[in-house]
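Undergrad: need a structure here:
(one chain, ligands or ions: 1)
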Amino acid sequence: MSVNVLFSAPPDDWPLYEGPLGRALRATGLRFKLATDMPPGQVDYIVYSPKGPLQDFSAHTRLKAVLSLWAGVERIVANPTLKVPLTRMVDHGLRQGMIEWVAGHVLRHHLDIDAHVLNQDGVWRPCTPPLAEDRPVTILGLGALGRAVAGALAGLGFDVTGWSRTPRRIEGIRTVHGPEGLARALERAEIVVLLLPDTPETENLLNAETLALLPRGAVVINPGRGPLIDDAALLAALDSGHLRHATLDVFRTEPLPPDHPFWAHPRVTVTPHVAAETRPESAARVIAENIRRAEAGEALLHLVDRDRGY
Ligand code: NAP
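TA: Reported below is the predicted structural model:
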């Protein structure tokens with residue numbers, strides 16, 4: 001028996017994934033057919049991007065699982081036509097990309113690199129850079145990416161606190177959880193990094209009230225999802241001087257519209273959802289391993305809890 005795998009993503013992604021997915025599936029020893037189009041009633045697995053064409057799964061009557069190429073699943077998790085297990089992407093490429101992006105932006109603000117880069121004017125301005133151990137950084141979200149980032153920042157010497165929904169223990173990191181833990185995590189955060197999923201519980205988590213808990217001069221870095229922050233409250237906190245800077249990779253509307261106030265704000269840095277891209281080689285191995293597991297009757301990796309929303 002052969003397994004039929006439908007690749008449902010934007011057409012530009014197919015040339016990037018066809019080779020890696022084919023190689024990874026061959027390495028499982030399964031017989032398979034991999035294509036961007038096949039009769040819905042013959043599809044066993046769907047490799048899924050939310051930017052692809054497929055929104056209604058009801059015609060896929062023999063579907064066994066949907067395997068998301070994205071880590072964030074907010075666009076599919078509540079889809080009522082999806083009746084089979086949903087997995088999300090957790091892999092080396094996403095973890096390493098996120099570590100590098102967050103570390104770069106944390107160091108930019110920690111060392112105030114802009115003060116030198118933007119002032120090459122012949123004036124010698126001596127100053128002593130702080131050490132990372134004197135810089136409290138809070139990571140909101142201690143999942144696959146939050147844990148990796150927390151570990152990397154602690155490795156650089158930062159004083160790291162992490163916040164999650166349920167209690168987590170991570171060597172070298174101060175951890176807090178739940179609503180009461182949030183206040184403690186924010187009160188000490190000179191830099192706060194958002195690595196939470198977009199769920200009904202996390203929407204507008206950073207709002208006027210919670211932003212006010214941050215110490216004056218704090219920096220917000222959001223590579224998580226746009227709806228985690230109340231945009232108007234963020235702009236007000238920047239304008240009042242309560243916040244020093246916001247570095248934002250994700251937005252409620254993407255691409256961020258050209259007339260959005262974030263683009264022109266002197267204390268906002270916009271990056272175009274590039275913090276951590278899914279890399280075809282490492283992602284294909286995760287997808288193929290999950291198909292192998294499903295065919296062998298083994299538990300799937302990175303299964304989404306659809307009630308929880310992530
Ligand atoms: P994950 O493994 O599912 O981890 C999510 C973390 O958030 C967990 O620690 C979870 O707590 C915590 N959390 C969820 N709801 C919460 C709540 N209501 N209160 C407190 N904590 C809560 O996700 P991940 O793989 O680390 O990815 C995180 C997010 O990064 C993704 O959902 C996606 O939106 C974003 N992302 C962005 C990019 C980019 O390029 N910008 C790339 C990849 C991912 P528990 O530990 O208690 O479950």
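Undergrad: tell me the first helix or strand C-terminal of the top helix by length along the chain.
TA: In the chain, assigned by DSSP state H, the helix with the most residues is helix 92-110. Next in sequence after helix 92-110, counting helices and strands by DSSP states H and E, comes helix 113-117.
Undergrad: the helices in the stretch 101-250 of the chain, which residues?
TA: Secondary structure of the stretch 101-250 of the chain (DSSP state H, counting those that start in this stretch): helices at 113-117, 144-155, 178-187, 208-211, 231-239.
Undergrad: Val219: which of the ones you listed is closest?
TA: With C-beta to C-beta as the measure, helix 231-239 is the member of the helices of the stretch 101-250 of the chain nearest Val219 (10.3 Å). Quick note: C-beta positions are derived from backbone N, CA and C, even for glycine.
Undergrad: what does the average pLDDT come to for the longest helix of the chain?
TA: Mean per-residue pLDDT for helix 92-110: 98.
Undergrad: which strands or helices does that helix pack on?
TA: helix 144-155, strand 191-194, strand 218-222, strand 243-248, helix 280-296 (3 or more C-beta pairs under 8 Å, 6 or more residues apart in numbering; DSSP states H and E).
Undergrad: out of these, which one sits most buried?
TA: Compared across those, strand 191-194 shows the largest average neighbour count, a mean of 26 (mean count of other C-beta atoms under 10 Å).
Undergrad: save the helices and strands packed on helix 92-110 as TSV, and put in mean pLDDT too.
TA: TSV is the format used below for the helices and strands packed on helix 92-110 (pLDDT from 0 to 100):
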stretch	mean pLDDT
helix 144-155	98
strand 191-194	99
strand 218-222	99
strand 243-248	98
helix 280-296	98
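Undergrad: re the thing from before, compare the helices of the stretch 101-250 of the chain and give me the one nearest Ser2.
TA: Per C-beta to C-beta, nearest to Ser2 of these: helix 144-155, 31.8 Å.
Undergrad: alpha carbons of the closest one, in CSV - could you do that?
TA: Output in CSV follows, covering the C-alpha atoms of helix 144-155 (Å, rounded to 0.1, in the frame of the first residue of the first chain):
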residue,chain,number,x,y,z
ALA,A,144,9.8,24.9,22.0
LEU,A,145,11.0,28.4,21.0
GLY,A,146,10.7,30.2,24.4
ARG,A,147,12.8,27.5,26.1
ALA,A,148,15.5,27.6,23.3
VAL,A,149,15.7,31.4,23.4
ALA,A,150,15.7,31.5,27.3
GLY,A,151,18.6,29.0,27.3
ALA,A,152,20.6,30.9,24.7
LEU,A,153,20.1,34.3,26.5
ALA,A,154,21.0,32.7,29.8
GLY,A,155,24.1,31.3,28.1
